[in-house]
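Asker: Sequence plus the predicted model coming up.
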Amino acid sequence: MNYFEIIGISGTIFVLLSFLMKDLKKVRIINIIGAMLFVIYGVLINAISTWLLNGILIIIHIFYLIKGRK
């Protein structure tokens, strides 16, 4: 197993963990970590669809985290 796969699997674990959280803020934070790992993974394997989708998800989660503070 190469380090590309380790990054991808780590992203998967974080995204799965986010579904186990009950607090919406924690869900978003854990999901951001997973999405960041998927962005790195997507760039490493040259998969535009992977890094693009997860990059957009990061922006959406950050937007709602900031909106939730107000």
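Answerer: Here it is on my side, so go on.
Asker: and the spatially most central residue of the chain, how far is that from residue 70?
Answerer: The centroid of the chain falls nearest to residue 35 when counting by CA atoms, centre = their mean (1.4 Å). According to CB to CB, to the nearest Å, residue 35 and residue 70 sit 23 Å apart. No exception for glycine: its C-beta is placed from N, CA and C like everyone else's.
Asker: and if you look at residue 7?
Answerer: Taking CB to CB, one finds residue 7 at 34 Å from residue 70.
Asker: Looking at those two, which is more packed in?
Answerer: Comparing residue 7 with residue 70 by neighbour count (other CB atoms under 10 Å), the higher total belongs to residue 7, at 20 against 4.
Asker: What helix or strand is the more buried one located in?
Answerer: helix 3-18 (DSSP states H and E).
Asker: How about residue 62?
Answerer: Using DSSP H and E, residue 62 maps to helix 48-69.
Asker: Going by neighbour count, list what's buried in that helix.
Answerer: Residues of helix 48-69 classed as buried by neighbour count (16 or more other CB atoms under 10 Å): 50, 51, 54, 55, 57, 58, 61.
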